[in-house]
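J.: I would like the atomic coordinates for the input below:
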Amino acid sequence: MKGEISLDLTEGSWTAGGGMTFTRASDGHSLRFTGARGDLARRSMSVDAAVGDGAAHSVDLSTYELDMTKMTVTMPSLNSPGSVEGKPFDTMLTQEGAAVFSQAFGASPVGPGDSVATVAGRVDVVPALG
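T.: You can find the predicted model right below:
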């Protein structure tokens, strides 16, 4: 994951490599997500979504609220990077996210505004130089 963030987590963005594919075993229908990107100010995540063998297009997939009591920010020093660590929190599916699941599979696994995933993580933070 790469990006730039404010250590109060009110602004910045990130991008992640890799992706994930959902495939329904009974008929082979699939939905592929790649190019995940986040916007801290909007509290949102977008992905490039491709239904089956179709071309990928950008989709605002989910939103989230940050409970700062679940976040730990360690300031960087000259000897070590800082870090941002988040305890598990829910992400909520957007209307656009539900629509792309419906396009691929006929229905979305959850409705817009419902939790689509619980995430947690830790990233090292290197101060900007210059």
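
J.: report the buried residues of the worst-scoring helix or strand of the chain on mean pLDDT.
T.: Between all helices and strands in the chain, the lowest mean by mean pLDDT, DSSP states H and E belongs to strand 2-5, at a mean of 84. Within strand 2-5, the residues scored as buried using 16 or more other Cβ atoms under 10 Å are Ile5. Bear in mind the C-beta positions are built from the backbone N, C-alpha and C, glycine included.

J.: helices or strands up against that strand?
T.: strand 12-15 (3 or more Cβ pairs under 8 Å, 6 or more residues apart in numbering; DSSP states H and E).

J.: can you list the low-confidence ranges for this structure?
T.: 128-130 (pLDDT under 70).

J.: report the central residue of it.
T.: Among the residues of the chain, the one closest to the centroid is Met45, at 4.3 Å (Cα atoms, centre = their mean).

J.: that one: what's it in contact with?
T.: Ala36, Arg37, Gly38, Asp39, Asp60, Leu61, Ser62, Thr63, Tyr64, Thr91 (Cβ atoms under 8 Å, 6 or more residues apart in numbering).

J.: do Val51 as well
T.: Applying Cβ under 8 Å, 6+ apart, the residues near Val51 are Ser30, Leu31, Val100, Gln103, Ala104.
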